[in-house]
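K.L.:
How does the following fold in three dimensions:
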Amino acid sequence: MADDGFVAYFALGGTIAMTGSAGSDVVARLSGEQLLDGVGELPVEVRTSTPYSVPSASLTFLDVLDVVERANEAVSDGAIGVVISQGTDTLEETAFLVDSVWPHAAPIVLTGAMRNPSLAGADGPANLVAALRVAADPSACDRGALVVFADEIHAARHVRKAHSTSVATFVSGDLGPIGHVVEQRPRFLATLPPRPVLPTLDRDAVQRTHVALHTVTLDDDGAALANLEQRYQGLVIAGLGVGHVPEHLVPVLVPLIEAMPVVLTSRAGAGPVLADTYGAPGAERDLRSRGVIGGGFVHPYKARVLLRLLLASGADRDAIAAAFAALG
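P.N.:
Numbering: from 1, shown residues only. Now for the predicted structure:
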């Protein structure tokens with residue numbers, strides 16, 4: 001554990017900060033300072049702020065980019081690491097967003113809780129102190145954004161929320177955790193290839209950019225895709241299996257592919273979309289031949305985040321395809 005420096009901690013609300021009791025509203029009430037009071041002796045100096053106190057469903061891209069900017073300033077002021085606590089509902093998306101724009105070697109760690117502080121066995125304090133330990137440890141440097149939950153350390157680019165209530169909700173189906181917190185120290189078992197980091201984004205451009213996500217289902221008629229090009233600048237398809245859609249959906253997709261970048265992902269929850277195995281109408285080879293961009297191992301929610309950031313930065317189709325290819 002580092003002997004000097006400090007960790008910057010940003011509390012954004014979520015279950016970890018919610019209080020209440022049966023029959024009353026359970027809402028975000030606890031500040032970062034109050035959350036730290038509940039973890040006992042701190043493993044490192046922590047400087048805390050509470051820029052937002054909302055359920056994670058109410059966070060926006062601009063909110064998250066604002067927190068990243070505050071974290072940038074903290075690192076410039078000497079922070080050796082950063083911790084962000086928030087609600088778990090969108091944590092996999094915010095972690096990936098942070099990972100996509102975080103330019104520093106210093107660790108940035110996201111965490112939260114599945115049981116609010118009023119419940120027996122609340123997991124927030126343990127998750128928070130574990131996140132602080134990881135953020136303060138030099139071995140966590142140069143790994144991008146990390147998610148620490150239940151003493152597991154996950155890479156932001158792979159982690160996903162897999163259960164609506166379990167305290168072990170976060171998994172990385174394609175990889176598993178890259179480390180664990182053991183005897184109050186992080187132990188890393190895997191190192192990922194370097195991640196591409198996007199340049200500073202114009203917030204007005206981010207606000208103007210809209211990306212749709214369509215999950216393909218059995219006998220999908222595609223009605224939800226009608227006139228999509230009039231409202232959105234990009235589309236992510238969460239396809240069946242390795243990246244398939246019904247044959248009758250192809251004519252609906254063709255004008256959209258011509259109008260905007262369309263990225264193909266899998267709704268399966270783990271595994272990539274393929275590129276050149278199946279050639280039936282609506283299969284991945286057919287869709288790729290029509291100009292669809294393969295999402296590789298990037299899952300639908302994350303693909304929507306990345307595509308929006310890329311479009312806001314002015315990336316063309318070739319640059320978008322290269323960015324997805326770089327993530328596997």
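K.L.:
Sheet-wise, list the partners of the helix or strand harbouring Val147 with their directions.
P.N.:
Val147 belongs to strand 145-149 when assigned by DSSP states H and E. Sheet pairing of strand 145-149 (DSSP bridges) gives strand 108-111 (parallel), strand 152-155 (antiparallel).
K.L.:
quick one: average confidence on the first one?
P.N.:
On average, the pLDDT along strand 108-111 is 98.
K.L.:
Following element in sequence after it, please.
P.N.:
helix 124-136.
K.L.:
any idea of the mean pLDDT for the strand holding Val147?
P.N.:
On average, the pLDDT along strand 145-149 is 98.
K.L.:
on that earlier part again, can the strands paired with strand 145-149 go into JSON lines with extra columns for mean neighbour count and distance to Ala323?
P.N.:
Yep, even glycine has a C-beta here, placed from its N, CA and C like the rest. What follows is the strands paired with strand 145-149, written out as JSON lines (neighbours: other C-beta atoms under 10 Å; distance: least, C-beta to C-beta, whole Å):
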{"stretch": "strand 108-111", "mean neighbour count": "30", "distance to Ala323": "20"}
{"stretch": "strand 152-155", "mean neighbour count": "24", "distance to Ala323": "17"}
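K.L.:
Take the ones you listed and write them to CSV, including distance to Arg185.
P.N.:
Below are those laid out as CSV (distance: least, C-beta to C-beta, whole Å):
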stretch, distance to Arg185
strand 108-111, 14
strand 152-155, 11
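K.L.:
so which of those strands gets nearest Ala145?
P.N.:
Closest to Ala145 of these, according to C-beta to C-beta: strand 108-111, at 5.1 Å.
K.L.:
What ranges does the stretch 51-200 of the chain have for its helices?
P.N.:
Here the stretch 51-200 of the chain has its helices, by DSSP state H, counting those that start in this stretch, at 61-76, 91-101, 124-136.
K.L.:
Redo those as CSV? Include mean neighbour count and distance to Ala8.
P.N.:
Formatted as CSV, these follow (neighbours: other C-beta under 10 Å; distance: least, C-beta to C-beta, whole Å):
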stretch, mean neighbour count, distance to Ala8
helix 61-76, 18, 4
helix 91-101, 25, 13
helix 124-136, 25, 9
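K.L.:
Out of those, which gets nearest to Ala145?
P.N.:
Closest to Ala145 of the helices of the stretch 51-200 of the chain, according to C-beta to C-beta: helix 91-101, at 3.7 Å.
K.L.:
how much space is there between the closest residue to Val182 other than its chain neighbours and Val273?
P.N.:
Counting by C-beta to C-beta, 6 or more residues apart in numbering, Asp151 is the residue found nearest to Val182 once chain neighbours are left out, at 7.6 Å. Distance from Asp151 to Val273, counting by C-beta to C-beta, to the nearest Å: 32 Å.
K.L.:
In terms of packing, which of the two has more residues around it?
P.N.:
Taking other C-beta atoms under 10 Å, Asp151 and Val273 do not tie; Val273 has more neighbours (28 against 17).
K.L.:
Surely the more buried one is in a helix?
P.N.:
No. Under DSSP: H, G, I helix; E, B strand; the rest coil, Val273 sits outside any helix and is assigned coil.
K.L.:
residues in contact with it?
P.N.:
239, 242-243, 264-266, 284, 294-296 (C-beta atoms under 8 Å, 6 or more residues apart in numbering).
K.L.:
same question, Gly5
P.N.:
Neighbours of Gly5 in contact, by C-beta under 8 Å, 6+ apart: 44-45, 78-80, 136.
K.L.:
Including pLDDT, could those go into a markdown table?
P.N.:
Shown next, in a markdown table, are the contacts of Gly5 (pLDDT from 0 to 100):
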| residue | pLDDT |
| --- | --- |
| Val44 | 93 |
| Glu45 | 97 |
| Gly78 | 97 |
| Ala79 | 98 |
| Ile80 | 98 |
| Ala136 | 97 |
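K.L.:
Put the buried members of the residues you listed into a ChimeraX selection.
P.N.:
Here is the ChimeraX selection string for the buried members of those, based on 16 or more other C-beta atoms under 10 Å:
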select :44,79,80,136
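K.L.:
Done for today, thanks.
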